[in-house]
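Engineer: Compute the structure for the input listed below.
(2 chains)
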There are 2 protein chains.
Amino acid sequence: MQAYPLQESTLPDRNLRIVLASRPVGPPSPDNFRIEQAPVPSPGEGQVLLKILYLSLDPYMRGRMSAAKSYAAPVEIGQVMEGGTVAEVLESRHPGYSPGDLVLSHSGWQTHALSDGAGLRKLDPAQAPVTTALGVLGMPGFTAYAGLLTIGQPKPGETVVVAAASGPVGATVGQIAKIKGARAVGIAGGPEKCALVRDAFGFDAVIDHRSPTFAEELRAACPDGIDVYFENVGGKVWEAVFPLLNPFARIPVCGLIAQYNATGPFEGPDRLPVLMRDVLTKSLTIRGFIQREFQAQRPAFYREMAQWIAEGRVRYKEDIVLGLENAPEAFIGLLEGRNFGKLIVQIA
Amino acid sequence: MQAYPLQESTLPDRNLRIVLASRPVGPPSPDNFRIEQAPVPSPGEGQVLLKILYLSLDPYMRGRMSAAKSYAAPVEIGQVMEGGTVAEVLESRHPGYSPGDLVLSHSGWQTHALSDGAGLRKLDPAQAPVTTALGVLGMPGFTAYAGLLTIGQPKPGETVVVAAASGPVGATVGQIAKIKGARAVGIAGGPEKCALVRDAFGFDAVIDHRSPTFAEELRAACPDGIDVYFENVGGKVWEAVFPLLNPFARIPVCGLIAQYNATGPFEGPDRLPVLMRDVLTKSLTIRGFIQREFQAQRPAFYREMAQWIAEGRVRYKEDIVLGLENAPEAFIGLLEGRNFGKLIVQIA
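Structural biologist: Below you'll find the predicted structure:
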């Protein structure tokens, strides 16, 4: 019996993982998540064992917690929560990877994972901090890049509006808009975030959506109307933006964080006929997208974005939370706008 | 005094014209229009005098009767109602036109008009009946062609749905969809129109929107969902179409005839959040348009459409009403779906 403690110390770490315990109705709560332990798995032939260093927390995960039909399958009850991760290769039985390699993976909310190499991308920490692969040089940055340039198509002198402008998508949208010669107007919650958007990210104007005169301030900040509204929040921001849209305005839609927790049916009046009337009379383009469909633009994105970061033309802010066990609380806060920059959980 | 009757018989005809007497609230009524007489004007240097032969009646005219901001300026109270026309040149002081020339013009609801040649297009009655310049070879046909091909982009095997399928836009949309290898599903009101859509226009399926089981029948007619919905009506058709849209569906929006007479605010629940959710989760494209913005495609349209008509691949139906004085009643009927094919008023 004395042998056990000794033997235990030579075992690899346990795999800690957070699974979906139940589906939220309305805002998620801590009891929708459950932390579990499991043995760290051993890589089979062609596999690598990954030790997760960083987990990305993103609003889309709220959609995966629901059973509703969407562009991606939901996480099943009892399954590990999905998510993008930066990991280190611990053991490799895959010819392409060696222990110590750093990779971008989609390993979810856990400390260890196996991979057969599909979807892995090697990261070079000498080129950029590895956490940027979860933010400005990763999915959020690419969402901003592909959605703004392909659907939004900002032209010099046009006005581009984006909400959640201190977050990784919004901040990048505004800075790319500026690079393309457009005016960038950001919307954020609270004076700290607004200062970040204006001073660090260099937006031409920023409006606090908590202000009681939010809609009037937005109108004043957009004297020539709005040509591109990059939609990632929905709700009252969309309501304030809508009357300001110019003819031929483009609205890439990549998120609706303000309504993810809503349970509907929604109280009237019905605004759909008014929306459709303006779609018609203003020749609007409303286009939902997920960044996956624009994969062909990935190489251009990595090249251009790395260049813009190097030149200081695109800046970013990270909000790093320590410990996997804090991921549920951090995620719940993200949906309430409590993060301050790209939200990342440092795991190892 | 005896001379007057004689003299009068040598005068040219009076110009009869229908002006906007008042703006409708809800459906237009006959008293929103007023018929007036005026002297036939004389062409100045560089002008032609036109005798209107045919006037096109189209749903967009309802928009021009309202003061609400739109892509085109409203008709002012007391102004001649706007509209596309086929006319004959009576007198010409313009080097490009001779008496007897037949032209497409935008002369409005009247019997005579002056023109400086801007926007006129000469018509050759040997090539096609001149009334087609108001329908399948004119604005409605081009609306169908440009909207479907540029925004809808139907692919072989896809399902294209269009309402008002016996009308000039809908009928043309379905027939072009077929030419492009897609399945065409039409929606029309009443058995006569449905028979026309199925038998004359060759749609794969047609649904009567008056049927109490309309939504179920539409679902049954679209077993693989809907890839393109060409929106020209709105209202309950849109409601039935909406849940059947496939991921990446395209929705060109050129009209909303079902809500033109509506006065709002509209009774809840609010369907806007549901629409936006589906825009996001299905990567939908909703794009309002007016055919004007696609002018560059006009030459291709005239060439292809004339060819398709000659080959019998695109067919059309006209509903001709006699006499300018009957235009208001015919227009009111158009908004209620009482026309049977492209509605044209024969004037001279």
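
Engineer: Once you drop chain neighbours, what's closest to the single nearest residue of the stretch 1-150 of chain A relative to chain B?
Structural biologist: For the stretch 1-150 of chain A, the residue closest to chain B is residue A:70, as judged by CB to the nearest CB, at 4.1 Å. Heads up, the C-betas are built off the backbone N, CA and C, glycines and all. The spatial neighbour of residue A:70 that comes closest, neighbours along the chain excluded (CB to CB, 6 or more residues apart in numbering or on different chains), is residue B:281 at 4.1 Å.

Engineer: For that neighbour, give me its contacts.
Structural biologist: A:63, A:68, A:69, A:70, A:71, A:288 (CB atoms under 8 Å, 6 or more residues apart in numbering or on different chains).

Engineer: Number of residues surrounding the fourth one?
Structural biologist: A count of nearby residues for residue A:70, using other CB atoms under 10 Å in any protein chain shown, gives 18.

Engineer: pretty sure it is touching residue A:60, no?
Structural biologist: No. If you go by CB atoms under 8 Å, residue A:70 and residue A:60 don't touch, sitting 9.1 Å apart.

Engineer: hey, what's in contact with both of the two?
Structural biologist: By CB under 8 Å, 6+ apart, no residue touches both residue A:70 and residue A:60.

Engineer: Quick check, residue A:79 in contact with residue A:19.
Structural biologist: Yes. Taking contacts as CB under 8 Å, residue A:79 lies within contact range of residue A:19: 6.0 Å.

Engineer: Between the two, which has more neighbouring residues?
Structural biologist: Between residue A:79 and residue A:19, counted using other CB under 10 Å, the more crowded position is residue A:19 (18 against 13).

Engineer: Could you give the secondary structure assignment for the more buried one?
Structural biologist: strand (DSSP: H, G, I helix; E, B strand; the rest coil).

Engineer: which of the residues in stretch A:214-224 are buried?
Structural biologist: For stretch A:214-224, the neighbour count (16 or more other CB atoms under 10 Å in any protein chain shown) marks A:214, A:215, A:217, A:218, A:219, A:221, A:222 as buried.

Engineer: Now look at that stretch and say if it contacts chain B.
Structural biologist: No. Stretch A:214-224 does not reach chain B (CB under 8 Å from any CB of the partner chain); its nearest approach is 15.7 Å.

Engineer: Now do that stretch, average pLDDT.
Structural biologist: The average pLDDT within stretch A:214-224 is 98.

Engineer: what residues does that stretch touch?
Structural biologist: Contacts of stretch A:214-224 (CB under 8 Å, 6+ apart): A:159, A:161, A:185, A:187, A:205, A:207-208, A:211, A:236, A:239-241, A:244, A:246.

Engineer: at 7 Å what do you get?
Structural biologist: A:159, A:161, A:185, A:205, A:207, A:211, A:240, A:244 (CB atoms under 7 Å, 6 or more residues apart in numbering or on different chains).

Engineer: Which of the contacts of residue B:281 are buried, as a PyMOL select command?
Structural biologist: A single PyMOL command selects the buried members of those (16+ other CB under 10 Å):
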select buried, chain A and resi 63+70+71+288
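
Engineer: ok, which pair from the contacts of residue B:281 is furthest apart?
Structural biologist: A:68 and A:288 (14.8 Å; CB to CB).

Engineer: And residue A:87, how far from residue B:160?
Structural biologist: In this view, residue A:87 and residue B:160 are 46 Å apart by CB to CB, to the nearest Å.

Engineer: for residue A:183, same thing?
Structural biologist: Residue A:183 is 39 Å from residue B:160, by CB to CB.

Engineer: which one of these two has more residues nearby?
Structural biologist: Neighbours per residue (other CB under 10 Å) separate residue A:183 from residue B:160, with residue B:160 holding more: 28 against 23.

Engineer: Next one, pLDDT for residue A:4 please.
Structural biologist: 41.

Engineer: wait, I meant residue A:294
Structural biologist: 96.

Engineer: Run a quick neighbour tally on the nearest residue to it once chain neighbours are set aside.
Structural biologist: Spatial nearest neighbour of residue A:294, chain neighbours left out: residue A:146 (3.8 Å); criterion: CB to CB, 6+ apart. Residues lying near residue A:146 (other CB under 10 Å) number 25.

Engineer: quick one, what contacts the residue nearest to residue A:115 when sequence neighbours are not counted?
Structural biologist: Of all residues not flanking residue A:115 in the chain, residue A:48 sits nearest, at 5.3 Å (CB to CB, 6+ apart). Each residue near residue A:48 by CB under 7 Å, 6+ apart is listed here: A:89, A:91, A:92, A:94, A:97, A:115, A:117.

Engineer: Please, a ChimeraX command that selects the buried ones among these?
Structural biologist: The following ChimeraX line selects those of the contacts of residue A:48 that are buried, judged by 16+ other CB under 10 Å:
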select /A:89,91,92,94,97,115
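
Engineer: export the contacts of residue A:48 to TSV and tack on secondary structure and pLDDT?
Structural biologist: Listed next are the contacts of residue A:48 as TSV, based on DSSP: H, G, I helix; E, B strand; the rest coil; pLDDT from 0 to 100:
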residue	secondary structure	pLDDT
A:89	strand	98
A:91	strand	97
A:92	strand	97
A:94	coil	97
A:97	coil	98
A:115	strand	97
A:117	coil	95
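
Engineer: follow-up on the earlier one: so what's the residue nearest to residue A:70 scoring on pLDDT?
Structural biologist: 91.

Engineer: ok, now how distant is residue A:63 from residue A:321?
Structural biologist: 21 Å.

Engineer: Then residue A:328?
Structural biologist: Distance from residue A:328 to residue A:321, by CB to CB: 11 Å.

Engineer: So which bits of the stretch 101-250 of chain A are right by chain B?
Structural biologist: Applying CB under 7 Å from any CB of the partner chain, we find that the stretch 101-250 of chain A lies next to chain B at A:234, A:247.

Engineer: Tell me which stretches of the stretch 101-250 of chain A form strands.
Structural biologist: Assigned by DSSP state E, counting those that start in this stretch, the strands in the stretch 101-250 of chain A fall at A:102-105, A:112-115, A:121-122, A:159-162, A:183-188, A:205-208, A:226-230, A:245-253.

Engineer: any idea which of those is most buried?
Structural biologist: Scoring these by mean neighbour count under mean count of other CB atoms under 10 Å in any protein chain shown gives strand A:159-162 as the most buried, with a mean of 30.

Engineer: what about that one, distance to the chain center?
Structural biologist: Centroid separation between strand A:159-162 and its chain, computed with CA atoms, centre = their mean, to the nearest Å, is 19 Å.

Engineer: again with stretch A:328-347
Structural biologist: 10 Å.
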